[in-house]
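Engineer: Provided below are the primary sequence and the corresponding predicted coordinates.
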Amino acid sequence: MQKKVFIRTFGCQMNEYDSARTLDLLEAGGGYARTDIMEEADLVLLNTCSVREKAQEKVFSDLGRIRKLRGAKPDLLIGVSGCVASQEGEDIISRAPYVNLVFGPQTLHRLPAMIEAFHRTGEAQIDTRFPEIEKFDHLPPAKVDAPTASVTIMEGCGKFCSYCIVPYTRGREVSRPLADVLTEIAGLTEQGVKEILLLGQNVNAWRGVTASGEKADFALLVEQVAAIPGIERIRYVTSHPREFTHRLLKAYERVPELVSHLYLPAQHGSDRILAAMKRGYTAMEYKSLIRRLRAVRPDLLVSSDFIVGFPGETDEDFEAMMRFIDETDFDNSFSFLYSPRPGTPAASLPMDIPLEVRKERLQRLQAKIDEQTRRHNEAMVGSVERVLVEGRSQKNPAQFQGRTAGNRVVHITVPDDSLVTAGKFADIRITKATRYALAGEPATVRLPA
């Protein structure tokens, strides 16, 4: 009987990509089939995130529950991968000795060998090294069953923002060669992929080697991806304002496949706090970049990240951030209370802001962002949007679901299923806006009220 693997993924889209590639690896050479039911699994993996303290603690909480499955399956293998694995290493085994496998993002390709070694020795296997981008040379071709797909183009980060654990859990910045990235994407288009999401902790810092041994920049990569037959949309995350070059800005003029939606984390709007965070830019420099981008893409929607309650944040600093958000007119945001991460410079700073003040500030900030999101959504009612239809709606199987270039989910009502096709683009008239999504109908028909 074929063994089954269950993977629970925490954190960012790079972790989602790593989980998908781990499944490809185990299906191709490890003798496992995927299951979405944990109780059926012979191998349970938690692909973890350590950016937030609560996410890290949730891992150990989940491990305690998974341990109970051993009663019915004494041979159940339990593994921890991702950033918590890199950060904690052997301490995971000390805290949860029933865990069998611990490996980081850069060593997931060694998982089949680690499983074999555990069965041979009976000892827990730990591999949290940073062997640059070795893993991409050992992973099987990606398999997808959707019109969109993600491709990791680089690993690690070298910015060392004072609050961030990523450089310590994913290592320094290492870029995949240009040809490797293009080959993976070309293979995805042969499976029907039309939209590519380029992934990296600091994606616009990509500097991949070309066939001639020269370094290419991210703008060139975007241009080369756009030239691949079948690619109609290009997105990327996560980008950094310091790495946003003039050539990348010009790509928004030259490359129509590059969507008019940008995820560009700002983290704060006070210059004093940005300096303490070691972000390397001012609020004015960030706003200037957005103004230049909107000069060439007037319909550009900008999403961001904000950290509330960084040590030393005063009322004046917070109000500066609120003005910054209003002036930049962000479309959406991932907003968080500051969470000190062990080993980062900011972790040693005293927290001098009462928790209730931090929570109130976060509520105010998110309410402001929600107001802007709602306004952008409502402005789209009556317009016709080009939507990539992904399949049946998750909320209502009688409808279809798709996504606009501006990254809006659209629930599509059709009188005849033949009017839209999963995996294809369709012109959809937007009829209704909700807080985070849109509703629409094919532009060629008008449904009865």
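Structural biologist: Done, it's in.
Engineer: quick one: low-confidence ranges for the chain?
Structural biologist: In the predicted model of the chain, residues 53-56, 131-135, 445-449 satisfy pLDDT under 70.
Engineer: longest helix anywhere in it?
Structural biologist: In terms of residue count, the longest helix belonging to the chain (DSSP state H) is helix 355-379.
Engineer: Next SSE downstream of that one?
Structural biologist: Heading C-terminal from helix 355-379, the first helix or strand you meet, by DSSP states H and E, is strand 384-392.
Engineer: Show me which positions of that following strand end up buried.
Structural biologist: 385, 387-390 (16 or more other CB atoms under 10 Å). Every C-beta, even on glycine, is put in place using the N, C-alpha and C of the backbone.
Engineer: next one: stretch 414-426
Structural biologist: In stretch 414-426, counting by 16+ other CB under 10 Å, buried: 414, 420, 422, 425-426.
Engineer: end-to-end on that stretch?
Structural biologist: 12 Å (CA to CA, to the nearest Å).
Engineer: roughly how far is it from the heart of the chain?
Structural biologist: Computed by CA atoms, centre = their mean, to the nearest Å, the chain-centroid distance of stretch 414-426 equals 28 Å.
Engineer: Closest one of the buried residues of strand 384-392 to V44?
Structural biologist: Distances from V44 to these, taken as CB to CB, are shortest for E390 (28.2 Å).
Engineer: which residues touch the closest one?
Structural biologist: Neighbouring residues of E390 by CB atoms under 8 Å, 6 or more residues apart in numbering: 146-148, 400-403, 422-423.
Engineer: The spatially closest residue to N407 that is not a sequence neighbour and E385: what is the separation?
Structural biologist: Counting by CB to CB, 6 or more residues apart in numbering, N407 lies nearest to H261, which is 4.6 Å off, once chain neighbours are set aside. Remark: distance between H261 and E385 (CB to CB, to the nearest Å) = 12 Å.
Engineer: Now do the shared contacts for these two.
Structural biologist: Counting by CB under 8 Å, 6+ apart, the common neighbours of H261 and E385 are 405-406.
Engineer: ok, whichever strand or helix holds K432: who's next to it in the sheet?
Structural biologist: Element membership of K432, judged by DSSP H and E, is strand 425-433. According to DSSP bridges, strand 425-433 forms sheet pairs with strand 384-392 (antiparallel), strand 437-442 (antiparallel).
Engineer: what would those strands look like in a markdown table with distance to C49?
Structural biologist: A markdown table is the format used below for these (distance: least, CB to CB, whole Å):
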| stretch | distance to C49 |
| --- | --- |
| strand 384-392 | 25 |
| strand 437-442 | 25 |
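Engineer: Quick check: which of those strands is nearest to M322?
Structural biologist: Nearest of the strands paired with strand 425-433 to M322, taken as CB to CB: strand 437-442 at 25.8 Å.
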